[in-house]
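Undergrad: Could you look at this predicted model? Sequence included:
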Amino acid sequence: MSGHGHSHGCVCEAEHEPSERGLEYGLYRRIDVDKLQCLNESRDGDGKLVFKPWDQRNERDKYVESDTDEELLFNIPFTGNVKLKGIIISGEDNDSHPAEIRLFKNIPQMSFDDTGREPEQAFRLNRDPHAELEYPTKITRFSSVQHLSIHISKNFGSDCTRIYYIGLRGEYSEAHRHEVTICNYEAAANPADHKLESIIPQTNFIS
């Protein structure tokens, strides 16, 4: 990843204080929570609970679980414009942990019928029960996001999927202002060091 000064495989959490990491993952405060949707959640409203502060990422009292199968679909409206730079997804250290996610932007009210289209980006995930692995997005594709959809398309083999924490890192600007909240970021475990592979071909998109 260009601009990232770490090519080794260690978990580099110690280089940033927890309070600083919390600022980096502050985009949850920019979500229009009342309009957030989670399709196929087993209990209404649970999908909203996994977007929480960094210091609560390992708490287990709030989570979302899928209902009829392993899929979940989050429709996440923001209160302004977001440049999404990275995502963390944490679940149980078992087969209910998400194994694949697909990201879409600016498709309000997205349904499972819409997930057949090509996503902006997709990742195969590693189990991450302690919320240590960040998956860096292709910033050019997520530079002006008003609405983000996250499709959990499969897990590691369980009948249902459980998620405790979804962290979003990036920059936010008010819809009608030019003020930008910059969340600088440098050090975290790099999923590329864990044999992460993107499942989307390296295709040049024409906007």
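TA: Done, it's in.
Undergrad: which residue sits closest to the spatially most central residue of the chain, ignoring its sequence neighbours?
TA: In the chain, the centroid-proximal residue (Cα atoms, centre = their mean) is residue 87; its distance is 3.6 Å. Computed as Cβ to Cβ, 6 or more residues apart in numbering, the closest residue to residue 87 that is not its neighbour in sequence is residue 135, at 5.3 Å. Every C-beta, even on glycine, is put in place using the N, C-alpha and C of the backbone.
Undergrad: shouldn't the one you found be in contact with residue 123?
TA: Yes: using Cβ atoms under 8 Å, residue 135 makes contact with residue 123 at a distance of 4.8 Å.
Undergrad: picking that back up, quick one: the residue nearest to the centre of the chain and residue 42, what's the gap?
TA: Distance, residue 87 to residue 42, using Cβ to Cβ, to the nearest Å: 22 Å.
Undergrad: go on, residue 140?
TA: Taken as Cβ to Cβ, the span from residue 140 to residue 42 is 36 Å.
Undergrad: So for the two, which residue has more residues nearby?
TA: Ranked by neighbour count (other Cβ atoms under 10 Å), residue 140 and residue 42 place residue 42 first, with 16 against 10.
Undergrad: In this structure the more buried one contacts residue 160, no?
TA: Yes: counting by Cβ under 8 Å, residue 160 is a contact partner of residue 42 at 7.2 Å.
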